[in-house]
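Participant: For reference, the sequence and a predicted model appear below.
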Amino acid sequence: MSTTDAQGRVRSWTLTPSKPRFTPPPGAVDAHCHVFGPMAQFPFSPKAKYLPQDAGPDALFALRDRLGFARNVIVQASCHGTDNRATLGAIALSNGMARGVAVVDPAISDAELDALHAGGIRGVRFNFLKRLVDDAPKDRFLDVARRIERLGWHVVVYFEADILDEMLPFLAAIPVPIVIDHMGRPDVRQGPDGADMTAFRKLLDSRDDIWTKVTCADRLDPSGPPYADFVRAVRPLVEDYPDRVLWGTDWPHPNMESVLPDDGALVDTIPHIAATAELQHKLLVGNPMRLYWSD
Ligand SMILES: O=C(O)/C=C(\CC(=O)C(=O)O)C(=O)O
């Protein structure tokens, strides 16, 4: 269960997950995680839909070491709006072992984009979850996508399965590589050949530069560890698209209210969705390094 402090700030994570049985390969990247604050230094957005307790870089890097990972990709969380200073601050403290994905105001200047690049940002995130953001202007997002092409960046898109159809023209118009968060949140209980996974595979087949994060067993599979439905639905995806998948913890698990995810148990799903050393290396090292540390 999440807990709430006297200021109404929520905590939905643990600093002491179980030690995973699975040992990630050397150089493994946690390619989806966030930092919150510290609020005194990096205040949350006035438009934030949740107010978390501090989960700063020290805690993130301690988790990384505890789980046996080497690097992080820090994704700007909606509670920080378009102020990327918390993400940039964490990257700056990582000794080159973190890179990031920003959320930007579409009116951002080219000089500001250059500054984000210098700070370790390699992509922008477009969030379409109504419970997290007030608006998601597709035309302005497309303009941003065109403007980041020169930097060699990609876009990360977050939406849920019920709007996949209406997302298709927008996704087709994006001129840079696309990473879909959490596979567009399919209902994994439908299995690997269910309607959600079938529609998602169709999207992956429409372009060879659409990647996805095979993440968030904790959000997608209410049955809990060992996340049998998630494993059954996701393993064939990893096998069929081995060069376009990424994995991450999603720590500090924003908005997980009823269950406090155990990051050790999440890491232990990896050998079940990527059963060979070769698939594990692509998922955890080769693919994220290609996308985030190609320079
Ligand atoms: O961490 C995630 O990927 C998922 C989130 C939070 C989020 O995306 C955000 O705050 O920007 C969610 O479903 O609440």
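Facilitator: Yep, it's here.
Participant: Identify the residue spatially nearest to Arg131, adjacent ones excluded.
Facilitator: Distances taken as C-beta to C-beta, 6 or more residues apart in numbering place Lys49 nearest to Arg131, at 6.3 Å, with adjacent residues excluded. Backbone N, C-alpha and C define where each C-beta goes, glycine included.
Participant: ok, now how distant is that neighbour from Pro254?
Facilitator: 9 Å (C-beta to C-beta, to the nearest Å).
Participant: what do you get for His154?
Facilitator: 22 Å.
Participant: Same question for Pro57.
Facilitator: Here the criterion is C-beta to C-beta. By it, Pro57 lies 16 Å from Pro254.
Participant: Also Asp5?
Facilitator: 16 Å.
Participant: got it, and Cys216?
Facilitator: Distance of Cys216 to Pro254, computed by C-beta to C-beta: 11 Å.
Participant: secondary structure class for the residue most central in space within the chain?
Facilitator: Within the chain, the residue whose C-alpha comes closest to the C-alpha centroid is His32; the distance, by C-alpha atoms, centre = their mean, is 3.4 Å. Classification of His32 using DSSP: H, G, I helix; E, B strand; the rest coil returns strand.
Participant: ok, the closest residue to it other than its chain neighbours - contacts?
Facilitator: With C-beta to C-beta, 6+ apart as the measure, Gly248 is the residue that lies nearest to His32, at 2.8 Å, once sequence neighbours are left out. Residues near Gly248 by C-beta atoms under 8 Å, 6 or more residues apart in numbering: 29-33, 73, 213, 215.
Participant: pLDDT wise, what is the residue nearest to the centre of the chain at?
Facilitator: Looking at His32, its pLDDT is 99.
Participant: Same check on Val144?
Facilitator: On pLDDT, Val144 comes in at 98.
Participant: Then Val133?
Facilitator: Looking at Val133, its pLDDT reads 97.
Participant: show me the contacts for the residue in the stretch 51-200 of the chain positioned nearest to the ligand.
Facilitator: Going by C-beta to the nearest ligand atom, the ligand is nearest to Ser78 of the stretch 51-200 of the chain, at 3.4 Å. The neighbours of Ser78, taking C-beta under 8 Å, 6+ apart as the test, are 45, 48-49, 103, 127, 129, 132-133, 254.
Participant: What sits closest to it if chain neighbours are left out?
Facilitator: With C-beta to C-beta, 6+ apart as the measure, Leu132 is the residue that lies nearest to Ser78, at 4.4 Å, once sequence neighbours are left out.
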